[in-house]
Structures are given as structure tokens and as C-alpha cells.
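Asker: Need coordinates for the following:
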Amino acid sequence: MHRLYDFLRRHPTGVDSFWAVLLLGLCALTLSEDPTATALHQAGVVVVSLVMCLVLALRRRAPVPMLLLATATGLAQLAFNIEGNIFDLPMLVVVYTVASGTVRWASWFALVGGLLAPVLYFWRWPDPGQADLVHTLFGLAFAAFPFLLAWVLGDRMRTRRAYWAQLEERATRLEKEREQQSKMAVAAERARIARELHDVVAHNVSVMVVQADGAAYVLDSSPETARQALETISGTGRQALAEMRRLLGVLRSEEGAPSGGEYVPQPDVEQIEELVEQVRGAGLPVDYKIEGSARPLPSGVELTAYRIVQEALTNARKHGGPDVGASVRLTYFDDGLGLLVEDDGRGAQHELYESGGADGMGHGLIGMRERVGMVGGTLDAGPRPGGGFRISVLLPAKPGR
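Answerer: Here you go, the predicted structure:
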């Protein structure tokens with residue numbers, strides 16, 4: 001049944017042509033039942049029947065031209081005294097068709113024409129049995145009601161189609177918005193993972209490079225110092241692998257991969273002290289102090305604080321030059337956490353902080369600003385009076401957008 005309905009919906013002209021042929025057969029039966037009609041009158045009925053069947057067959061392919069053709073045929077019936085019969089049925093159908101379309105002037109034209117048709121009919125062929133006004137008005141209303149009903153049904157169909165079209169358009173728009181939001185979420189997650197990888201790789205590899213250079217320098221003169229440097233390289237490498245394994249684990253999508261696994265907690269403020277000890281072991285003197293009463297902060301704020309300190313100390317070691325020293329201050333306020341990381345080296349190139357943090361080799365300061373902006377904090381970075389570099393950050397107790 002569904003297949004039949006789908007076939008009929010895909011071939012509207014064929015369906016209308018079937019009804020037109022059926023109507024033509026009924027018109028032929030009506031013509032044969034009137035042997036008293038003249039040849040000229042019969043010829044006029046045949047022409048009107050053929051035209052009206054054509055209107056019925058092409059009503060959905062060309063509704064407005066068929067409406068005008070039906071109107072002209074009705075006027076020709078008045079002119080040539082061809083009284084209405086079953087062949088005038090397509091007038092009702094074409095009124096419905098035009099009313100259900102989108103051409104508004106044609107719809108109103110069909111309504112006015114449908115209401116005037118009974119008036120013209122009774123004027124051209126008056127009924128002697130309805131001489132009084134009441135019966136005449138009742139007859140006009142009864143004859144005009146089918147046209148009015150056809151127009152109302154067609155207009156309601158037009159409204160319903162417009163409503164469904166609006167729903168489909170809205171669903172399509174929502175689907176596109178959902179796809180865009182998904183793409184934005186994927187891009188944001190990639191950026192987050194890229195920042196994490198940058199912080200992990202830049203810091204740990206920088207420590208390993210410094211220790212490797214130191215070990216190669218003192219390998220002959222101080223084997224014990226070289227051994228300690230190699231142990232530091234080994235420990236730093238294991239730490240870097242562990243953090244990278246945690247980050248890249250979320251990107252695994254092989255089928256059949258186990259859903260469970262070990263999860264390493266993300267770094268927080270308490271691990272900053274371990275980070276400072278690691279940097280000290282790599283040869284960078286760091287003065288670390290905590291001011292205020294320590295208290296738990298949101299995980300996003302604590303991770304941001306850790307990564308800021310990590311990136312700042314890495315930049316101090318990369319750009320500070322020889323004999324550089326650094327200081328880290330953590331200050332707990334009532335409404336947030338303050339970070340101040342300074343070094344007394346030669347500082348980074350002016351272009352590094354002038355361009356927002358892109359020096360051609362990385363995006364350290366840009367990553368810092370993005371992290372701080374994600375939790376609703378503020379960051380100030382630039383050269384320190386007297387030499388060196390300073391990074392000042394204020395993070396809120398409650399992360400914001």
C-alpha cells in the first residue's frame with residue numbers, strides 16, 4: 001500500500017489524467033442521453049467537455065493557466081447558452097488547486113470567481129420555481145458553498161505545507177548548527193591537547209637537553225656528575241612519557257581497545273614544588289615561596305597555574321642565558337590565586353612578547369594567554385625593569401568563560 005501511495009505521489013499528472021479520462025466518459029454518457037439537442041449545441045458541449053478534462057489533467061502542472069482557461073470556458077458557456085453539467089466539476093478542483101499554491105493573486109481570483117459563478121448561473125438560467133428572494137438567496141448560498149469549501153480546504157493545505165516546510169528548514173538549520181558546534185568542540189579539544197603536549201614536551205625536553213649537554217661537558221672530568229645528569233634525563237623522560245601517554249590515550253580509537261585503564265591525575269598547585277625541585281636539579285636556581293593560606297581550587301585553575309609556572313621556567317632556561325636565576329611566588333587571595341614568575345637573565349627577544357608569544361619556534365606565551373583566558377583570569381608578560389622577564393597572572397577562585 002505504501003508503494004502504491006509513493007507511486008501515485010511521484011506521478012500526479014498521470015493520476016489527474018486518469019480522472020480526466022473518467023470524466024470524459026461520463027460527459028459522453030450525458031451527451032448521449034439528450035437526443036433533442038441540436039448539432040451545434042452538442043458540438044459546444046463536446047468542446048467544453050474536452051477543455052474541462054484538459055483543465056483537470058493539467059491542474060497541478062500548470063495551475064494558474066488552467067484557472068484562466070476554466071474561467072474563459074465558463075464565460076463561453078454563458079455566451080453560447082451551454083448550461084452547466086458534470087463537465088463543470090473541474091472548476092471546483094482547480095479552485096482547490098490554486099488555493100493550495102503559492103500564487104496569492106490567483107488564489108483570491110479563484111475565490112471571487114467561485115462565489116460569482118452561481119450568481120452568473122442563476123442570472124443566465126433563472127429557475128421559475130424560485131421567484132421569491134429568500135429561495136433565490138438560499139439557492140445561491142447552496143451553490144456557492146462547494147466553491148467556498150474547496151478554497152478553504154486548499155488554503156488550509158497551503159498553510160500546512162508552509163508549516164511543514166518551515167519545520168524542515170528549521171531542522172536542517174539545527175542540524176547544520178549542531179555540526180558546526182561539533183566541529184568547534186573538536187577544534188577546541190585539539191587546541192587543548194596541543195597546549196598540553198606543548199607544555200609537556202617543551203619543559204621536559206628542555207630539561208633533558210640541558211642535562212645532556214652538562215653530562216657531555218663533565219663526562220671525563222667528573223663522571224659522578226655526569227651519572228647524576230643521566231639519571232635526571234632518565235627520570236624526566238619517564239615523566240614526559242607518562243604525561244604524553246595520558247594525553248594521547250583519549251585519541252585512541254582502535255576497535256576492540258579496552259575501555260578501562262589507568263588514569264593519571266592532572267598536575268595541580270601542590271605539584272609546583274616538585275616541578276621547582278626538578279628545575280633546580282636541572283641547574284636553574286629557583287626561589288619558591290607561597291603566601292597566604294592555601295586552599296583547594298577548581299581543577300582547571302590548578303592545572304592552569306601549574307602549566308603557567310612550567311612554561312615560564314622553561315622560557316627562563318631557554319632565553320635567560322648563562323647564570324640565570326628565577327623566582328616563583330604563589331599568593332592566595334580571598335577571590336583567587338596570584339602567580340609571579342621572574343628571572344634575572346637577559347630575557348626573551350622583544351618580538352616574542354610584542355607579537356603575543358610567537359617567536360617562530362613555539363607559541364608559549366600564546367598558550368599561556370589561552371589557558372588564562374579559559375578560566376577567566378588575566379596575564380601580564382614582558383621585560384622586567386633591570387633585566388630579565390616577568391610573568392604576572394591572576395586566576396579567579398571560580399573559573400569563568
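Asker: May I have the phi/psi pair for Lys176?
Answerer: Phi and psi for Lys176, reported as degrees, to the nearest 10, are phi -70, psi -40.
Asker: Count the residues that sit near it.
Answerer: Residues within reach of Lys176, counting by other CB atoms under 10 Å, total 10. Just so you know, the C-beta spots here come from the backbone N, C-alpha and C atoms, and that holds for glycine as well.
Asker: so the closest residue to Thr331 other than its chain neighbours, which of the three states?
Answerer: Counting by CB to CB, 6 or more residues apart in numbering, Thr331 lies nearest to Gly338, which is 3.9 Å off, once chain neighbours are set aside. The three-state label given to Gly338 by DSSP: H, G, I helix; E, B strand; the rest coil is strand.
Asker: Quick check: buried residues in stretch 106-123?
Answerer: Neighbour counts over stretch 106-123 (16 or more other CB atoms under 10 Å) mark 106-107, 109-111, 113-115, 117-118, 121 as buried.
Asker: what comes into contact with it?
Answerer: The contact list for stretch 106-123, computed with CB atoms under 8 Å, 6 or more residues apart in numbering, reads 63-64, 67, 71, 74, 78, 84, 91-92, 94-95, 98-99, 101, 136, 139-140, 143-144, 147-148, 150-151, 154-155, 158.
Asker: Quick check: mean pLDDT of that stretch?
Answerer: The average pLDDT within stretch 106-123 is 90.
Asker: ok now that stretch, how far from the chain's centre?
Answerer: On the basis of CA atoms, centre = their mean, to the nearest Å, stretch 106-123 sits 49 Å off its chain's mean C-alpha point.
Asker: Tell me the secondary structure at Val45.
Answerer: At Val45, secondary structure determined by three-state DSSP is helix.
Asker: That one is in contact with Leu31, isn't it?
Answerer: Yes - the criterion here is CB atoms under 8 Å, and Val45 meets it with Leu31 at 5.7 Å.
Asker: Looking at the two now, which is surrounded by more residues?
Answerer: A direct count of neighbours by other CB under 10 Å for Val45 and Leu31 places Val45 higher, at 22 against 17.
Asker: Identify the residues contacting that one.
Answerer: By CB under 8 Å, 6+ apart, the residues touching Val45 are 27, 31, 37, 82, 85, 87.
Asker: Point out the least confident one among those residues.
Answerer: Ala37 (68).
Asker: Relative to Leu395, how far out is the residue nearest to Thr331?
Answerer: 8 Å (CB to CB, to the nearest Å).
Asker: ok, the two, which is more surrounded?
Answerer: Between Gly338 and Leu395, counted using other CB under 10 Å, Leu395 has the larger neighbour count: 28 against 17.
Asker: sec struct for that one, please.
Answerer: Strictly by three-state DSSP, Leu395 counts as strand.
Asker: Give me the neighbour count for the closest residue to it other than its chain neighbours.
Answerer: Nearest residue to Leu395 in three dimensions, chain neighbours excluded: Gly377, at 4.2 Å (CB to CB, 6+ apart). By the measure other CB under 10 Å, the count of residues near Gly377 is 23.
Asker: Return the residues in contact with Gly377.
Answerer: Shown in contact with Gly377 (CB under 8 Å, 6+ apart): 301, 304, 336, 393-396.
Asker: Quick check: Glu83 is in a strand.
Answerer: No - using three-state DSSP, the assignment for Glu83 is coil, not a strand.
Asker: hey, where'd the helices end up in the stretch 251-400 of the chain?
Answerer: For the stretch 251-400 of the chain, applying DSSP state H, counting those that start in this stretch gives helices covering 272-281, 299-319, 350-354, 364-374.
Asker: For the longest one, list every residue counted as buried.
Answerer: This means helix 299-319. Under 16+ other CB under 10 Å, the buried positions of helix 299-319 are 300-319.
Asker: now swap in the first one and tell me
Answerer: Buried positions in helix 272-281, judged by neighbour count with 16+ other CB under 10 Å: 272, 275-276, 278-279, 281.
Asker: Could you dump these into TSV with distance to Val372 and pLDDT added?
Answerer: Formatted as TSV, these follow (distance: CB to CB, whole Å; pLDDT from 0 to 100):
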residue	distance to Val372	pLDDT
Ile272	16	90
Leu275	18	87
Val276	20	89
Gln278	23	82
Val279	21	83
Gly281	28	79
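Asker: Between which two of those is the distance greatest?
Answerer: Distance extremes for the buried residues of helix 272-281: the farthest pair is Ile272 and Gly281 at 15.0 Å, using CB to CB.
Asker: out of the helices of the stretch 251-400 of the chain, which comes closest to Glu243?
Answerer: helix 299-319 (10.7 Å).
Asker: so what does the closest one touch, helix or strand wise?
Answerer: helix 133-218, helix 272-281, strand 326-332, strand 336-343, helix 364-374, strand 389-396 (3 or more CB pairs under 8 Å, 6 or more residues apart in numbering; DSSP states H and E).
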